[in-house]
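J.: could you look at this predicted model? Sequence included:
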Amino acid sequence: MDTTPHVITALLALGMALAFIIADRSSPTSRALALFLAFVGVSIVVTTRIEVPYVRAHGGVPAWGGIFALPEVLSFVFAYEWVLRVRRTVPARNLKTRGPDMLLRLAQGLALFFLLASLAFPKIRFEQFIGAGLREVVMRGEPEFYLFTVPLVLSLVLAIFSGLLMLRRRPDRAESLRLIAFVLGAPFMASGLVLPGNMAPVATAIGLLIVLVGGVQYHVIQGRRAQFMSKFLSPQVAELVGRRGLKSATDEQTLELSVVCCDLRGFTAFTAATSSQRVIGILREYYDAVGEAATECGGTIKDQAGDGVLILVGAPIPMPDHAQRALELAKRIRANGIEITARWSDAELHLGVGVGVASGFLTVGVIGAASRLEYTAVGPAVNLASRLCAEAAHGEVLIDARTIELLGEEARRPELQPGEALQLKGFVQPVQSYTLAPA
């Protein structure tokens with residue numbers, strides 16, 4: 001038997017597995033998908049290049065020959081594991097998901113039953129199942145064929161049914177494309193086990209190409225997201241969006257987090273007396289410096305308007321140390337801002353930078369119409385950080401009492417000193433402030 005078509009098909013499967021794992025190694029779903037494809041390739045190689053030649057050379061199937069079925073079984077197991085992991089990335093909402101999850105576990109169990117049958121009856125598997133040809137076996141009515149066919153077909157049906165149920169929950173678009181490709185391609189790949197040697201590579205290759213199309217679309221979408229989201233989200237959040245999808249990662253939730261607000265002092269007078277090119281130049285340098293500091297501290301830039309920047313620390317990814325991170329972020333913004341404004345100031349026009357930090361419970365999530373979405377945060381801490389920023393003098397960082405409370409022992413540091421009780425717009429009672437002394 002010419003095994004060249006089988007080898008080419010195996011290389012296609014292994015190449016797809018390698019490409020997917022390199023492109024998205026941090027994603028649990030992509031790792032499971034890559035393992036599924038890898039074992040598809042390994043199973044083809046084992047069957048055509050090891051099992052068949054061994055049986056022919058020794059004139060029969062050895063008692064331990066069922067072990068050759070292991071790669072086939074692992075390909076099914078990891079395929080269903082991939083579907084299960086995708087299901088776990090989709091919010092359940094008010095739907096019951098335990099049943100479909102159990103169907104996938106049952107599908108994996110049926111695949112393991114196939115392995116046990118192969119270990120118990122290796123000769124029947126080799127002679128009556130592998131490459132037997134579905135039409136020929138059905139016409140002959142040999143019952144042994146169904147000992148191996150029924151568990152695999154039933155497991156595949158359960159997995160496809162579970163995947164179709166998941167589409168009702170409107171999963172992330174990128175994962176939906178991969179899932180649809182799997183539903184369409186899996187029957188072709190599975191049929192490669194029983195089709196004759198001259199037809200099996202074609203059927204398997206068709207299934208692999210369908211999965212490849214879905215995988216390429218997945219990575220195209222993820223690449224566009226990563227490029228877009230990295231402009232204003234921290235790497236951790238961008239990774240979350242890539243792994244779970246934009247909607248899932250930015251669902252509305254209420255969290256306690258810290259808000260850092262900064263803007264430039266004297267910027268209005270500076271823009272009135274300076275060319276627009278020079279204004280754009282300082283804004284670009286200022287935004288780059290603030291963005292770099294936010295990235296290093298795990299902050300998410302929510303707003304950039306004129307010379308003002310509002311940064312969330314602790315959303316969309318909750319961070320237990322958000323107050324400490326916010327304080328470090330404020331220090332970096334101040335240091336970078338002082339350096340930049342000193343360079344751009346002259347004898348007549350003086351620029352400065354002020355920073356405000358506040359903590360509290362905020363509701364965060366995506367709002368807007370289909371044509372324009374915005375990640376927003378609603379709560380008193382946003383307004384408080386903005387008001388403290390407006391009160392801060394050049395090179396000053398004003399912090400609210402809740403942030404100081406969250407800092408715990410760190411709040412005892414000499415650089416943190418009680419400030420004035422400020423009467424801020426929108427707040428009935430005076431707000432106790434604290435200052436961060438220069439390093």
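T.: Yep, that arrived.
J.: ok now the helix or strand residue 360 falls within, how far from the chain's centre?
T.: Residue 360 belongs to strand 352-369 when elements are defined using DSSP states H and E. The chain centre lies 24 Å from the centre of strand 352-369; the measure is Cα atoms, centre = their mean, to the nearest Å.
J.: buried residues in that strand, which are they?
T.: 352, 353, 354, 355, 356, 357, 358, 359, 360, 362, 364, 365 (16 or more other Cβ atoms under 10 Å). In short, each C-beta sits where N, CA and C put it, glycine included.
J.: ok, the fifth one to residue 329 distance?
T.: Going back to what we said before, that points to residue 356. The gap separating residue 356 from residue 329 is 12 Å, by Cβ to Cβ, to the nearest Å.
J.: what is in contact with the two at once?
T.: residue 260 (Cβ atoms under 8 Å, 6 or more residues apart in numbering).
J.: and the pLDDT at the nearest residue to residue 11 once chain neighbours are set aside?
T.: Sequence neighbours aside, residue 41 is the residue nearest to residue 11 in space, at 7.0 Å (criterion: Cβ to Cβ, 6 or more residues apart in numbering). Residue 41 carries a pLDDT value of 95.
J.: got the contact list for residue 41?
T.: Taking Cβ under 8 Å, 6+ apart, one finds 9, 10, 11, 12, 13, 14, 17 in contact with residue 41.
J.: so how far is residue 165 from residue 108?
T.: 17 Å.
J.: oh, I was asking about residue 16
T.: 26 Å.
J.: these two: which has the busier surroundings?
T.: A direct count of neighbours by other Cβ atoms under 10 Å for residue 16 and residue 165 places residue 16 higher, at 23 against 15.
J.: count the residues that sit near the closest residue to the more buried one other than its chain neighbours.
T.: Leaving aside its chain neighbours, residue 16 sits nearest to residue 37 (5.0 Å; criterion: Cβ to Cβ, 6+ apart). Residues lying near residue 37 (other Cβ under 10 Å) number 28.
J.: kindly export the helix or strand residue 37 falls within (C-alpha atoms) in PDB.
T.: Here residue 37, judged by DSSP H and E, is contained in helix 28-45. C-alpha atoms of helix 28-45 as PDB (Å, rounded to 0.1, in the frame of the first residue of the first chain):
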ATOM      1  CA  PRO A  28      -6.300  26.500  27.300                       C
ATOM      2  CA  THR A  29      -8.700  26.000  24.400                       C
ATOM      3  CA  SER A  30      -6.100  26.300  21.700                       C
ATOM      4  CA  ARG A  31      -3.800  23.900  23.600                       C
ATOM      5  CA  ALA A  32      -6.500  21.300  23.700                       C
ATOM      6  CA  LEU A  33      -7.300  21.800  20.000                       C
ATOM      7  CA  ALA A  34      -3.600  21.500  19.100                       C
ATOM      8  CA  LEU A  35      -3.400  18.200  21.000                       C
ATOM      9  CA  PHE A  36      -6.400  16.900  19.200                       C
ATOM     10  CA  LEU A  37      -4.800  17.700  15.800                       C
ATOM     11  CA  ALA A  38      -1.400  16.300  16.900                       C
ATOM     12  CA  PHE A  39      -2.900  13.000  17.800                       C
ATOM     13  CA  VAL A  40      -4.800  12.900  14.600                       C
ATOM     14  CA  GLY A  41      -1.500  13.100  12.800                       C
ATOM     15  CA  VAL A  42       0.200  10.600  15.200                       C
ATOM     16  CA  SER A  43      -2.700   8.100  14.800                       C
ATOM     17  CA  ILE A  44      -2.300   8.200  11.000                       C
ATOM     18  CA  VAL A  45       1.400   7.600  11.200                       C
END
